[in-house]
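S.K.: predicted structure and sequence below. I'll ask about it afterward.
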Amino acid sequence: MQSLGTVISTELSPTTMEFAFVLDTNSPVRKGQFVQTTSEEGIVFGFVAEIARANRYFERAESVAEYEREAPISSHFPIKSWEYTIADVKILGRMEKKGEHYHQQRVSLPPSPGTKVIEADEAMLKDFVGFTETGLHIGKLQHHEVPAKIDLTRLFQKHLAILAMSGAGKSHLASVMLEELLERPKEQGRIAVVVIDIHGEYVGFKFDPNYGRKVRIVSGKEICIPFRQLTPGLISSWFTEISSVGQNELSKIMREMAQQEKNERQVFGVPDLIKKVETGDMPKSTKDSLLRALYELKALNLVSQSKEIPNLRQNVQPGEMLVLDLSDMDDMRKKKLIVSYVASRLFNLRRKEQIPPTFLLVEEAHNFAPEKAKAAHNPSKSIIEKIAREGRKFGLALGVVSQRPVQLSTTTLSQCNTHIILRVTNPNDLKHIGESSEGIDQRMLRAITTLKVGEGIIVGEAVRYPIFIEIRDRKSRKMEKGKPLHEQALSYESNAKKADEEADEELEAFL
């Protein structure tokens, strides 16, 4: 391998924690790059934490100022020949090869000054980070030509959070992951995917020639919950004003209706439940609170007598994706009820193993599981937190995407053992990320604000050490809803002009 430089002796290094090396001429070293050198114990491995340049001719400010008054200092001295670059390396461990793979060991002896430094071996890097050949290919390790192939189980089983400001590439990264799941061969283990799509950013998958046959899109306005799937507990979680007494009364009535439906083969709906409550023998305050909740449920037009759209038991299949497109809905409360129902249903079906292992991806998750909000206004929060706590035991993985980490439920975020962080600039969000992401240090927190679109940091269970990655281009068709802003502006003015002309013509005809 090409030499990058030579280990030097400074007041503070080399030690078992760090060393410095002077770069060879034209050496292609970058901050964050992984490098290796040797000691008596074997290969010493680390990353470039900082790079500094020095030149003796520019050490004394008064001398530089004096020379620069007459002519550039370069005209007096061969300054380039005295310039040198030093890289500081944080040691991560000693890499020892056993069989076909490298294993990380503790360093007890530092490298000696004068030892050559080279770029880290690719195979060693893969073993150190934890990449696998059968993993999901989401990009490459920054500053290296090493494909970032992340193990599916380590990435999803203990849940995933994608955090970034608006426009930083959250949906692009999510689409890349979804492509990998849809392309995954059967022999490597396929999971089902359910996406809560708030802005219609994933509908393009259905019209892509490579992925369309594996994707089903269900519009929010089509979604129907069959009455038989409602339970007193679910209704009470949606309408928290129902008291425990009211829930008991509701349970009694719904049990009777279920028995009647079974014996007499009748089909009931919310209006029938309202009638039963109205004629029921219960305290007036209890009846009034139940009726307020049930009339609100009826007004949402979400529950049908028997129609179930989508049928989760049929539509959640290995290697396929179900997208619930809620972009055509304005009522935020109705969206939350849909998310609450779908998440609860998936949890129960997966617990009974009636559907395959599933990845539930929730876009704009801070809207459905907010940190500071009353339960009455956020019926979806409790089930999302429940999946975050218990879902991995049953093979239900959760993925949350958010542009406001500080507003996302701490319970949910803390249970996501892998975080992929793209560009974030809000100080409150950065502080929240630093407190909730294990393994992320101040250096990485500072780097988050400077990330470009397409760059990210992975920390947590999916990788053995926090890494910077460059996300690959997506293969699927991008088809977002809504026109670009300039096209909307042109369309508005054109339509306004046309309307004015038609009004003038009508006025002339009238006169």
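M.R.: It's in. Residues are numbered from 1 along each chain as shown.
S.K.: where along the stretch 151-300 of the chain do the strands fall?
M.R.: Assigned by DSSP state E, counting those that start in this stretch, the stretch 151-300 of the chain shows strands spanning 160-163, 192-197, 215-219, 225-226.
S.K.: which strands and helices sit next to the shortest one?
M.R.: The reference is to strand 225-226. In terms of contacts (3 or more CB pairs under 8 Å, 6 or more residues apart in numbering; DSSP states H and E), strand 225-226 is packed against strand 303-304. C-beta coordinates here come from the backbone N, C-alpha and C atoms, glycine included.
S.K.: toward the C-terminus, what is the element adjacent to the strand it packs on?
M.R.: Next helix or strand after strand 303-304 toward the C-terminus (DSSP states H and E): helix 312-315.
S.K.: give the other helices and strands that that following helix contacts.
M.R.: Judged by 3+ CB pairs under 8 Å, 6+ apart, the packing partners of helix 312-315 are helix 332-351.
S.K.: switch to 10 Å and redo it
M.R.: In terms of contacts (3 or more CB pairs under 10 Å, 6 or more residues apart in numbering; DSSP states H and E), helix 312-315 is packed against strand 192-197, strand 215-219, strand 321-325, helix 332-351.
S.K.: most tightly surrounded among those?
M.R.: Across those, averaging neighbours per residue (mean count of other CB atoms under 10 Å) puts strand 192-197 on top, at a mean of 25.
S.K.: next, the angle from that strand to strand 215-219.
M.R.: Using axes from the mean of the first three to the mean of the last three CA atoms, to 10 degrees, the inter-axis angle of strand 192-197 relative to strand 215-219 is 30 degrees.
S.K.: walk me through which strands strand 192-197 pairs with, and which way each runs.
M.R.: strand 321-325 (parallel), strand 358-362 (parallel) (DSSP bridges).
S.K.: among the strands of the stretch 151-300 of the chain, which is nearest Lys90?
M.R.: Within the strands of the stretch 151-300 of the chain, the stretch nearest Lys90 is strand 160-163; the backing value is 24.6 Å (CB to CB).
S.K.: just the C-alpha atoms of the closest one, please, in CSV.
M.R.: Provided in CSV are the C-alpha atoms of strand 160-163 (Å, rounded to 0.1, in the frame of the first residue of the first chain):
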residue,chain,number,x,y,z
LEU,A,160,-33.9,2.9,13.6
ALA,A,161,-34.1,6.7,13.7
ILE,A,162,-33.3,9.0,10.7
LEU,A,163,-32.8,12.5,11.9
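S.K.: against which helices or strands is it packed?
M.R.: Packing contacts for strand 160-163, counted by 3+ CB pairs under 10 Å, 6+ apart, involve helix 170-183, strand 358-362, strand 396-402, helix 410-415, strand 418-421, helix 427-436, strand 455-460.
S.K.: so Leu92, which of the three states?
M.R.: Here Leu92 is recorded as strand under DSSP: H, G, I helix; E, B strand; the rest coil.
S.K.: for Arg313, what are its contacts?
M.R.: Shown in contact with Arg313 (CB atoms under 10 Å, 6 or more residues apart in numbering): 345, 349, 354-355.
S.K.: I'd like to know how far it sits from Leu322.
M.R.: Taking CB to CB, to the nearest Å as the measure, Arg313 falls 11 Å from Leu322.
S.K.: quick one: the closest residue to Ser175 other than its chain neighbours from Val267, how far?
M.R.: Excluding its sequence neighbours, the residue lying closest to Ser175 (CB to CB, 6 or more residues apart in numbering) is Arg474, at 5.0 Å. From Arg474 across to Val267, the span is 45 Å (CB to CB).
S.K.: neighbour count: these two, which is higher?
M.R.: Per other CB atoms under 10 Å, whichever of Arg474 and Val267 has more neighbours is Arg474, with 16 against 12.
S.K.: I figured the more buried one hits Glu201, correct?
M.R.: No. The pair Arg474 and Glu201 fails to qualify as a contact (CB atoms under 10 Å) at a distance of 11.3 Å.
S.K.: residues contacting the residue sitting nearest the centre point of the chain?
M.R.: In the chain, the centroid-proximal residue (CA atoms, centre = their mean) is Ile162; its distance is 2.0 Å. Residues in contact with Ile162 (CB under 10 Å, 6+ apart) are 168-171, 173-174, 177, 361, 363, 365, 399-403, 416, 418-422, 456.
S.K.: so how many other residues sit close to the nearest residue to it once chain neighbours are set aside?
M.R.: For Ile162, ignoring the flanking residues on the chain, the nearest one in space by CB to CB, 6+ apart is Val401 at 4.6 Å. For Val401, the number of neighbouring residues by other CB under 10 Å comes to 25.
S.K.: ok, Val401 - contacts?
M.R.: By CB under 10 Å, 6+ apart, Val401 lies in contact with 160-164, 170-171, 173-174, 195-196, 198, 201, 361-366, 408, 420.
S.K.: returning to that earlier point: mind putting the strands of the stretch 151-300 of the chain into TSV with distance to Gly32 and mean pLDDT?
M.R.: Below are these laid out as TSV (distance: least, CB to CB, whole Å; pLDDT from 0 to 100):
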stretch	distance to Gly32	mean pLDDT
strand 160-163	20	95
strand 192-197	32	97
strand 215-219	37	96
strand 225-226	49	92
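S.K.: to Leu430, which of the ones you listed lies closest?
M.R.: Ranking those by proximity to Leu430 (CB to CB) places strand 160-163 first, at 10.1 Å.
S.K.: which residue ranges make up the domains of the chain?
M.R.: The chain is divided into the following domains under automatic domain parsing: 3-129, 147-222+309-471, 227-302.
S.K.: what comes up buried for stretch 425-442?
M.R.: 429-430, 432-433, 436-437, 440 (16 or more other CB atoms under 10 Å).
S.K.: ignore the last one, stretch 274-289
M.R.: In stretch 274-289, counting by 16+ other CB under 10 Å, buried: 274, 276-277, 282, 286-287, 289.
S.K.: of those residues, which is the nearest to Leu155?
M.R.: Distance to Leu155 across these (CB to CB) is lowest for Ser289, with 44.3 Å.
S.K.: so which of the helices and strands packed on helix 312-315 is nearest Glu59?
M.R.: Across the helices and strands packed on helix 312-315, closest to Glu59 is strand 192-197 (CB to CB), at 58.7 Å.
S.K.: may I have the closest one as PDB, with CA atoms only?
M.R.: Extracted C-alpha coordinates of strand 192-197, given in PDB (Å, rounded to 0.1, in the frame of the first residue of the first chain):
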ATOM      1  CA  ALA A 192     -42.300  -7.000   4.900                       C
ATOM      2  CA  VAL A 193     -42.400  -3.200   4.900                       C
ATOM      3  CA  VAL A 194     -45.200  -0.800   5.900                       C
ATOM      4  CA  VAL A 195     -44.700   3.000   5.300                       C
ATOM      5  CA  ILE A 196     -46.700   5.800   6.800                       C
ATOM      6  CA  ASP A 197     -46.200   8.400   4.000                       C
END
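S.K.: before we move on, back to that, now distance to Met1 too, for the helices and strands packed on helix 312-315, in a markdown table please.
M.R.: Listed next are those as a markdown table, based on distance: least, CB to CB, whole Å:
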| stretch | distance to Met1 |
| --- | --- |
| strand 192-197 | 41 |
| strand 215-219 | 44 |
| strand 321-325 | 42 |
| helix 332-351 | 48 |
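S.K.: which of those sits closest to Pro466?
M.R.: Using CB to CB, the nearest of these to Pro466 is strand 192-197, at 26.3 Å.
S.K.: good, wrapping up.
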